[in-house]
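A.B. asks: after the sequence you'll find the predicted model.
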Amino acid sequence: MEKQRKDVDALELSLLIDQRFPGEIAIALRNLFAMGCLLVFQGHRKQGLKACDDAIRALGPINRGRYLDHLIANVIDDPIAIARTVGASAEVLDLFNAGPARR
């Protein structure tokens, strides 16, 4: 029997961040989560999920049922879409389109 996965985005996470932290800290947490998504996109799944988890854990206890489990599953499946919905800075999101690093 195939397990059904619920498609979710990071809008709820973005709202949680706004509720718990002011301006600059909220931006930093969104960017950390999006950077985790970028790492997953680049094939660094373990490190990327760690960054996403760190951003979530910084919020403290969250009672959102299975939302966070579904969110992380979607980070693995479609990290670009999830990064875009968390509200990260444009500079961070631009990294998804960047070519190889320049020196």
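C.D. replies: Nice, I can see it. Numbers count the residues shown, from 1 in each chain.
A.B. asks: going forward, measure contacts and count neighbours with C-alpha atoms only.
C.D. replies: Will do.
A.B. asks: skip ahead from the helix ranked longest in the chain and say which helix or strand is next.
C.D. replies: Scanning the chain for the helix with the most residues, using DSSP state H, yields helix 23-41. Toward the C-terminus, helix 23-41 is succeeded by helix 45-57 as the next helix or strand (DSSP states H and E).
A.B. asks: may I see the buried residues of the next helix or strand after that following helix?
C.D. replies: Using DSSP H and E, the helix or strand that follows helix 45-57 in sequence is helix 67-77. Burial within helix 67-77, assessed by neighbour count using 16 or more other CA atoms under 10 Å, is assigned to Tyr67, Leu68, Leu71, Ile72, Ala73, Asn74, Val75, Ile76.
A.B. asks: what about helix 67-77, average pLDDT?
C.D. replies: When pLDDT is averaged along helix 67-77, the result is 91.
A.B. asks: on that earlier part again, let's have the buried residues of helix 67-77 in a markdown table, adding distance to Val92.
C.D. replies: As requested, the buried residues of helix 67-77 are exported to a markdown table (distance: CA to CA, whole Å):
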| residue | distance to Val92 |
| --- | --- |
| Tyr67 | 24 |
| Leu68 | 22 |
| Leu71 | 19 |
| Ile72 | 19 |
| Ala73 | 21 |
| Asn74 | 19 |
| Val75 | 16 |
| Ile76 | 18 |
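A.B. asks: apart from its neighbours in sequence, what residue is nearest Cys52?
C.D. replies: Phe33 (4.5 Å; CA to CA, 6 or more residues apart in numbering).
A.B. asks: Ala83 is in contact with the one you found, correct?
C.D. replies: Yes - the pair Phe33 / Ala83 is scored as a contact, 7.3 Å apart, by CA atoms under 8 Å.
A.B. asks: those two: which has the busier surroundings?
C.D. replies: Neighbours were counted for Phe33 and for Ala83 using other CA atoms under 10 Å; Phe33 has more, 29 against 26.
A.B. asks: and Asn97, which of the three is it?
C.D. replies: coil (DSSP: H, G, I helix; E, B strand; the rest coil).
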